[in-house]
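[1] Following is a predicted model, sequence given first.
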Amino acid sequence: MIKPVLADAISKQINAELYSAYLYLAMSAWADAQGLDGMKNWLYVQYQEESVHGLHLYAYLLDRDAAPAFYPIEKPETSWDSPIAVFEHVARHEAHVTALLNDLATLAMQEKDHATYQFVMWYVNEQVEEEANADKIGKRLGLIGDNKGQLLTLDAELAARTFVNPFPTTGAIPGVA
């Protein structure tokens, strides 16, 4: 059984992951309205990843015999001035999520819950990739500037991204066979 303080912290992380999914869905809709189908796709895949992360955390609580707490999901921003503004927001958001996960890992160690610490470390390590991807795309958009042809080339590259379930041994809902 997991300690209540950790169960609540994980419930709050579930909320953060679902907010992230909601934010990326809003960003995907914005990109669609701009005619940037590749960016729309990249952001939609990000939405899928964050949704699965939330479900994975939820399943972990159930596996630890804890009842998840459900908090309201904040309304995300829905409008940006440019593609670079979107990815600057992505970079800031991923840095925020990294900080939340670092705090969760620290709490798990303070509570001497090594199983939860190991579980959360997957997310901590995954954030390195998340931040690097956002930074790379943001830098490329900065180099592109107002060059519409280069923007469309990058957009075509972003269209190639596909969702890969990081927890493929589970059913549609992580933790459920």
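    It's in. If you're wondering where the values come from, they're calculated on a predicted model, not measured in any experiment.
[2] Distance-wise, check the residue nearest to the spatial centre of the chain relative to Thr78.
    Per C-alpha atoms, centre = their mean, the C-alpha nearest to the average position across the chain is that of Glu50, at 4.0 Å. Shown here: Glu50 relative to Thr78, a distance of 17 Å by C-beta to C-beta, to the nearest Å. The C-beta positions use only the backbone N, C-alpha and C, and glycine is treated the same way.
[3] now the strands for this structure?
    Taking DSSP state E as the criterion, the chain contains no strands.
[4] so where's it shaky on pLDDT?
    Low-confidence regions of the chain, defined here as pLDDT under 70, cover residues 169-177.
[5] show me what contacts the residue nearest to the centre of the chain?
    By C-beta atoms under 8 Å, 6 or more residues apart in numbering, the contact list for Glu50 reads 17-18, 20-21, 24.
[6] ditto for Ala99
    Contact partners of Ala99, counting by C-beta under 8 Å, 6+ apart, are absent.
[7] State the distance from it to Ala159.
    31 Å.
[8] Tell me if I'm right that Tyr71 and Ser11 touch.
    Yes - Tyr71 is in contact with Ser11 according to C-beta atoms under 8 Å; the separation is 7.0 Å.
[9] Look at these two and report which has more neighbours.
    The residue with the greater number of neighbours, taking Tyr71 and Ser11 and applying other C-beta atoms under 10 Å, is Ser11; the counts read 19 against 14.
[10] which residue packs closest to that one, ignoring adjacent ones?
    Ala69 (3.9 Å; C-beta to C-beta, 6 or more residues apart in numbering).
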